[in-house]
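Peer 1: fold the following.
(4 chains)
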There are 2 protein chains.
Amino acid sequence: MERSTRQRRAIREAFLEAGRPLSPQEVLDLARRRVPTLGLATVYRNLKALVEEGFLAPVHLPGEPPRYEPAGQGHHHHFYCRACGRVFELPGCALEAEGLLPPGFRPEGHEVTVYGRCPDCP
Amino acid sequence: MERSTRQRRAIREAFLEAGRPLSPQEVLDLARRRVPTLGLATVYRNLKALVEEGFLAPVHLPGEPPRYEPAGQGHHHHFYCRACGRVFELPGCALEAEGLLPPGFRPEGHEVTVYGRCPDCP
DNA sequence: GAGGAGATGAAAACCCCTTCTCAAACCTGT
DNA sequence: ACAGGTTTGAGAAGGGGTTTTCATCTCCTC
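Peer 2: The predicted structure follows:
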């Protein structure tokens, strides 16, 4: 069965504290505050496990390596800060219908990414 | 100076014929119809050059390797077919304002990707 | 048509991210 | 506390896409 280790708890807590999608490297940096010996391989193993158990969901942005965020948050989109590279969640959806699609295209979903500056960056 | 070679012409024509964003591999496949000996390294070299000279622009989609499309087409978005993996351009923009951004977030641009089935796929 | 810089093609090398390996350390149920 | 399998950490290995290498070929100018 699955154990509750310091490492896995630290990783879960990193997400709850951050409140935004995290890359594997960001997870490592944050979780090391609690478990300084944490290794990157352990982060990857646990991210995979946490996605499988439904605690996390992967977030894909254009031209970016994947981030992860707590699962089950309903439809929303993301903001990418060009200054610091951090990603934030945007509540709701401002996309009309699913775009004005040409005939024959059958939409099943969509992604919206807004680029710019986050509140912390000049 | 820069030369006009069969290979470069074939690559440029591949884009004009395709009428949609192409990945490096797709460019290779299409351009080989005109120049069967074309190599992948040449495709990469010319994609880079064509971007620098302003003929092409890179297209980034979530979790996908880059595509390229003719530059200077104005604001538009993309459709990714989950069945065949091809990407199509969608005219116009159905995004309201730039989303309902929380205070402090300063938008500079956005990307919209619609997923689904293209007209050619069942 | 000849000369020479630029371009090509095949393969090797790179890069970045991710996964595997394996001995040592850690949890959990008894 | 003990025994067992599970998890960890460091480094090596893997994988996909992209770039470099270098001998050869091609396009342009004279």
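Peer 1: A:Thr113 against A:Arg82, yeah?
Peer 2: No - here A:Thr113 lies out of contact with A:Arg82, judged by CB atoms under 8 Å, at a distance of 11.5 Å. C-betas here are computed from N, CA, C, even on glycine.
Peer 1: so which of these two has more stuff around it?
Peer 2: Under the criterion of other CB atoms under 10 Å in any protein chain shown, the comparison of A:Thr113 against A:Arg82 puts A:Thr113 first, with 24 against 12.
Peer 1: the closest residue to the more buried one other than its chain neighbours: how many residues sit nearby?
Peer 2: Closest residue in space to A:Thr113, ignoring its immediate chain neighbours: B:Glu111 at 4.7 Å, by CB to CB, 6 or more residues apart in numbering or on different chains. The burial count assigned to B:Glu111 is 20, neighbours taken as other CB under 10 Å.
Peer 1: same check, this time on A:Pro21
Peer 2: By other CB under 10 Å, 23 other residues sit near A:Pro21.
Peer 1: quick check: it touching A:Ala71?
Peer 2: No - A:Pro21 is not in contact with A:Ala71 according to CB under 8 Å; the separation is 11.5 Å.
Peer 1: near DNA strand C, which residues of chain A?
Peer 2: Where chain A comes near DNA strand C, counting by CB under 7 Å from any atom of the strand, the residues are A:3-6, A:23-24, A:40-41, A:44, A:48, A:65-66.
Peer 1: just those: which has the poorest pLDDT?
Peer 2: For the residues of chain A next to DNA strand C, the least confident position by pLDDT is A:Arg3, scoring 90.
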